[in-house]
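[1] Starting from these lines, generate the structure:
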Amino acid sequence: MRRSYQARKLARHNRRPAELLLVPMIDIFTVLVTFLLMTAVFSRTVILELNLPSGQADLQNLPKDLQLEVVVRRNLMEVDDRSTGPIRSLPNTPQGYDYDALTDLLKQIKARYPQTTAATVLLEPGIAYDTLVQVMDHVRVFEASNGFDTAEAELFPDISIGDAPPAAGASP
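    From the prediction side, this is the model:
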C-alpha cells in the first residue's frame, strides 16, 4: 500500500541523522601505530662521506706530508705513501685478508703522523664490496680496550676511494 505524500514527508523529517561511531576507527589507528612502532628500524644507519682521489694535475702542489694509500689486490694489501712509495705489503692469510696486521700497521703510522687524517683506499677490479667496507672500517677506526671497556679510536677518518693502479709486472 502506498503512503501519501504527507506521510512520507513527515517520516523524512522525523528521521534522525546516523551517528558516526569513532571507536572502531580509534581501535584501527591504535593497532596501526603499534604495528608501525614495532616494525620501525631503530638501528643506527652509518653514512660515510667519501671523496674522490685527487687527479694527477694536483701532484705538484702536494705538501711534504704523508699521503696514505691502501691498495687492495686479490692476494694482498699494500700500504703506500703516494710520495715515497710502498711502506709494507700484507699478504693474505689462509682465512683471507689480514685486517689485524693492517690495523697494527696503521696504528704505527698514526703514531708517527698524528695530524694526518686522510687516506685513500684503492681497489683492483673484482674486489668484493664487503672487502671494501671491512678495509674502510679498519682504516677509519680501531677498537681500544681499557680493561673491561672498549672504545673506538680514530685512525684516518677522511677516506677517499678509487681504482688501484696495475700491479708491478702485470700486463696493462
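[2] Residues touching the helix-or-strand element of the chain with minimal mean pLDDT, excluding its own?
    In the chain, no helix or strand scores lower on mean pLDDT, DSSP states H and E than helix 5-14, which sits at a mean of 75. Helix 5-14 has contacts (CB atoms under 8 Å, 6 or more residues apart in numbering) with R3. From N, CA and C alone the C-beta is placed, and that goes for glycine too.
[3] Same question for stretch 155-169.
    By CB under 8 Å, 6+ apart, stretch 155-169 touches 48, 50-53, 68, 71-73, 103, 106-107, 110, 116-125, 132, 136, 139-142, 172.
[4] PyMOL command to pick out the buried ones of these?
    To isolate the buried members of these in PyMOL, using 16 or more other CB atoms under 10 Å:
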select buried, resi 53+68+71+72+73+103+106+110+116+119+120+121+122+123+124+136+139+140+141+142
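[5] so of the contacts of stretch 155-169, which ones are in strands?
    Among those, the members falling in strands (DSSP state E) are L68, V71, V72, A118, A119, T120, V121, L122, L123, V141, F142.
[6] Tell me if I'm right that the last one and K107 touch.
    So the one you mean is F142. Yes: under the criterion of CB atoms under 8 Å, F142 makes contact with K107 at 6.4 Å.
[7] Tell me where this protein is predicted with low confidence.
    Within the chain, the segments meeting pLDDT under 70 span 1-2, 17, 41-64, 169-172.
[8] how about a cut-off of 50?
    Residues of the chain meeting the criterion pLDDT under 50: 56-63.
[9] report the longest helix in it, please.
    The residue-count maximum for a helix in the chain (DSSP state H) belongs to helix 23-39.
[10] Remind me what it packs against, helices and strands.
    Helices and strands touching helix 23-39, as assessed by 3 or more CB pairs under 8 Å, 6 or more residues apart in numbering; DSSP states H and E, are absent.
[11] Pull the distance from that helix to the chain's centre.
    33 Å (CA atoms, centre = their mean, to the nearest Å).
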